[in-house]
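**Student:** next comes the sequence, and after it the predicted model I'd like to discuss.
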Protein chains: 2
Amino acid sequence: MPSPFYIHLTASDGAARSGEMTTANGVVHTPAFMPVGTQASVKGVHPDDVRASGAEILLGNTYHLMLRPSAERIAALGGLHAFMRWPYPILTDSGGFQVMSLSPLRKITEEGVTFRSHIDGAMVELTPERAMQVQMLLGSDIAMQLDECVRLPADRTEVERAMKLSLRWAERCKRAFEGAAAGRALFGIVQGGDDHALRAESARGLVDIGFPGYAIGGLAVGEPQNVMLDIVGETAAALPAEGPRYLMGVGTPDDLLAAIARGVDMFDCVLPTRNGRHGLAFTRFGPINIKNARHADDHEPLDAESSCPAARDFSRAYLHHLFRAGEALGGTLLSIVNLFYYQDLMAGARAAIAAGRFAAYAGAIREQWVAKADLHAGDD
Amino acid sequence: MPSPFYIHLTASDGAARSGEMTTANGVVHTPAFMPVGTQASVKGVHPDDVRASGAEILLGNTYHLMLRPSAERIAALGGLHAFMRWPYPILTDSGGFQVMSLSPLRKITEEGVTFRSHIDGAMVELTPERAMQVQMLLGSDIAMQLDECVRLPADRTEVERAMKLSLRWAERCKRAFEGAAAGRALFGIVQGGDDHALRAESARGLVDIGFPGYAIGGLAVGEPQNVMLDIVGETAAALPAEGPRYLMGVGTPDDLLAAIARGVDMFDCVLPTRNGRHGLAFTRFGPINIKNARHADDHEPLDAESSCPAARDFSRAYLHHLFRAGEALGGTLLSIVNLFYYQDLMAGARAAIAAGRFAAYAGAIREQWVAKADLHAGDD
């Protein structure tokens, strides 16, 4: 019988906290990083390698999956976990963000959003109720409410309108999600752009409705990092301590550490895999652009001490060659290297929080990256 | 200390034979299929997965590797085995075939071939002596002589000229290869197009020079299968029983079984990986075009009884989705499925030869494929 969803906080260090989130498909240790499996695949990486990296939870994209192969088809095939052979926790977004960024034509009304599919041009309607139905068909452990995400900078009136619409949609989502299977959770999403008052109003509104966890949405959409972190810190503080806090679509290792310091528990981002496919490796020594000519004769691995076999077992010269020669194996190996890096970063954060030395840990990580940037400025 | 190269024949069944070929980097059981690692990578497949498929020997392409990253660079990095993390036997071709098929400009003289690199346009010279030097730098367990391969159909005069040039190059290659490390072998290549007399003359000439193994080159270049098999049968019979016989660049499962029946021991071909990347799976039930719409809702795996995890663990619907969605994991998984299929086909052939029932084995495999073709004619 699936366990009910809950988070158990195990340690805290300042605003940073670590915990264990129990879902219908297993436990997730927080702070947690979720690799992105947009189209039911973490791009180029076998699910066994995703798991080996230490990932305990994946993110799936409702927008992509509802269009292809369709939520009904995935449900008939036993749900997203079975379909993509990932029997561990899965969080799905609501589709709202991708409707804004990918659909060539969309119309937002009180009822929901109507958009043209970027795949076959068909008109598709996504309401709060349909977003819940799709995510229940997929079998998500954690579903996200439908929201409207505004690109920054934007007029305050526009940000406020979208935030209030998202609050009304949050209520409808909660009602529609009542039929979900045991142990499944629905998270509300705080909106309000870079406006502190609107963010506070959004957080209060969601807490009044009541969710087992909350996301901070609509950030990393063009604003400077300090603006983002200010909003993250205030918003996290306004959310209940007993629920997980999820910062959507963020970010760099530095973003993650800074957000953890402000009380965030969960992250997702395409950075490790997208950068891996483009030849950028995340390592203990900072970022390494493997396509750079100076790696052509380097017999050293990316990191002989890494927990990642791909970082230990292949020379930089070989990885460099794979990218120069256009061999797909290069992108796969660097994606794996980066997934391990992100998971190790989170494991280190959890251990540091438990030991009460999170600030020192974050500082040491940042120093590695900065030292490297100094050594090879304008090079990597 | 590396063992000297030799082949020990363990069983025969008609003209078909099985054996153990001992190389400096390990034993290869024959009949053997060599996956192709053109640019020091079996496209899209991790070397651990290539090994897991049962492959005991890979083919590397001298033409590609000498141009990028260069033989000298690979030698400085410890040789091709270390470079691509394949510590098992490697055979390299001589580069001649790719000069003909890939280089936009080439000039053949008695001395060798001069061609324009398809990568950076530089003029490159490949002589028999340079072809040996490159393969020794790569550290090949089995090197191939430089030859000139003529596209069929061609004038008899042209085929004869190229065959005789290849014989003279074979002598120069043998001399140049005398400095190779212990246990390394050089194979001669029989040419002569589809002309039986020229093939016989080529085989005699090579045997007079004397090589530890012989390849049959210049086939599968446009001629019908029966023409190819007639040449293969006659040529194999004209070669010494105690040396391995390698049919270059061939082919389909049916080609392999027919050539084994005629006394061939070794094969290489891009078919399993190239077809895998394009959505065609080789299975016990025949070829399956996974992109076909009828797989969209099929929760069955490609083959629940397969020795290949990728064939067992993912549904046809999921593999179909990966191809429809353009996800690279699909090509990787089907490449692995096909590599396992080819290796299992060879393992089955070896067992059947040992049991004296090779003809029945080959017949049963052909029947599976034909039955499937009947069921879904024009579909897969």
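**Tutor:** Received it, and whenever you're ready, just let me know what you need.
**Student:** report the mean per-residue pLDDT for stretch A:117-125.
**Tutor:** Here stretch A:117-125 scores 91 as its mean pLDDT.
**Student:** quick one: end-to-end length of it, please.
**Tutor:** 10 Å (CA to CA, to the nearest Å).
**Student:** show me the contact partners of that stretch.
**Tutor:** Residues outside stretch A:117-125 that contact it (CB atoms under 8 Å, 6 or more residues apart in numbering or on different chains): A:66-68, A:102-104, A:112-116. Every C-beta, even on glycine, is put in place using the N, C-alpha and C of the backbone.
**Student:** cool, and stretch A:361-371?
**Tutor:** So stretch A:361-371 is in contact with A:253-254, A:257-258, A:260-261, A:284-287, A:345, A:348-349, A:351-352, going by CB under 8 Å, 6+ apart.
**Student:** in the strand or helix carrying residue A:273, what counts as buried?
**Tutor:** Here residue A:273, judged by DSSP states H and E, is contained in helix A:271-277. For helix A:271-277, the neighbour count (16 or more other CB atoms under 10 Å in any protein chain shown) marks A:271-273, A:275-277 as buried.
**Student:** one more: stretch A:317-332?
**Tutor:** Buried-residue list, stretch A:317-332, by 16+ other CB under 10 Å: A:317-325, A:327-332.
**Student:** picking up where we left off before, what is the helix holding residue A:273 packed up against?
**Tutor:** Taking 3 or more CB pairs under 8 Å, 6 or more residues apart in numbering or on different chains; DSSP states H and E as contact, the helices and strands that helix A:271-277 lies on are strand A:280-283, helix A:328-354.
**Student:** if you count neighbours, what's buried in the lowest-mean-pLDDT helix or strand in chain A?
**Tutor:** Using mean pLDDT, DSSP states H and E, helix A:358-375 stands out as the lowest-scoring helix or strand of chain A, at a mean of 80. For helix A:358-375, a neighbour-count test (16+ other CB under 10 Å) marks A:358, A:361-362, A:365, A:369, A:372 as buried.
**Student:** ok, now which ones touch the spatially most central residue of chain A?
**Tutor:** Centroid-nearest residue in chain A: residue A:268, 1.1 Å away (criterion: CA atoms, centre = their mean). Applying CB under 8 Å, 6+ apart to residue A:268 gives the contacts A:33-36, A:59, A:91, A:246, A:248-249.
**Student:** name the nearest of these relative to residue B:173.
**Tutor:** Top of the list for closeness to residue B:173, among these and by CB to CB, is residue A:35 at 50.3 Å.
**Student:** burial count for the closest one?
**Tutor:** By the criterion of other CB atoms under 10 Å in any protein chain shown, residue A:35 has 23 neighbours.
**Student:** same question for the one 10 residues further on.
**Tutor:** Using other CB under 10 Å, residue A:45 has 27 other residues around it.
**Student:** element containing it, please.
**Tutor:** With DSSP H and E as criterion, residue A:45 is part of no helix or strand.
**Student:** the residue lying closest to it once chain neighbours are set aside: neighbouring residues, count only.
**Tutor:** Leaving aside its sequence neighbours, residue A:45 sits nearest to residue A:335 (CB to CB, 6 or more residues apart in numbering or on different chains; 5.2 Å). Residue A:335 has 27 neighbouring residues, counting by other CB under 10 Å.
**Student:** check residue A:123 too.
**Tutor:** Neighbours around residue A:123, by other CB under 10 Å: 11.
**Student:** quick check: mean pLDDT across stretch A:244-261?
**Tutor:** 96.
**Student:** quick one: end-to-end distance for that stretch.
**Tutor:** Distance across stretch A:244-261, first residue to last, is 14 Å (CA to CA).
**Student:** do the same with stretch A:189-204
**Tutor:** OK, stretch A:189-204 end separation, CA to CA: 11 Å.
**Student:** what's residue A:126 sitting at in phi/psi?
**Tutor:** Main-chain torsions, residue A:126, degrees, to the nearest 10: phi -130, psi 110.
**Student:** show me what contacts it?
**Tutor:** A:66, A:95-96, A:99, A:112-115, A:146.
**Student:** one more time with 6 Å, if that's ok
**Tutor:** Going by CB atoms under 6 Å, 6 or more residues apart in numbering or on different chains, residue A:126 touches A:95, A:112-113.
**Student:** which positions are bridged to it in the beta structure?
**Tutor:** In this entry, residue A:126 is beta-bridged to residue A:113, by DSSP bridges.
**Student:** how close does it sit to chain B?
**Tutor:** From residue A:126 across to chain B, the span is 19 Å (CB to the nearest CB, to the nearest Å).
**Student:** what about that residue, distance to residue A:117?
**Tutor:** Note on residue A:126: its distance to residue A:117, by CB to CB, to the nearest Å, is 11 Å.
**Student:** what do you get for residue A:136?
**Tutor:** On the measure of CB to CB, residue A:136 and residue A:117 end up 21 Å apart.
**Student:** excluding its backbone neighbours, what's nearest the residue sitting furthest away from the middle of chain A?
**Tutor:** No residue in chain A sits farther from the centre than residue A:297, which is 35.9 Å out by CA atoms, centre = their mean. Once flanking residues are discounted, residue A:297 sits nearest to residue A:317: 5.8 Å by CB to CB, 6+ apart.
**Student:** three-state assignment of that neighbour?
**Tutor:** helix (DSSP: H, G, I helix; E, B strand; the rest coil).
**Student:** same question, the one 4 residues further on
**Tutor:** Applying three-state DSSP to residue A:321 yields a three-state assignment of helix.
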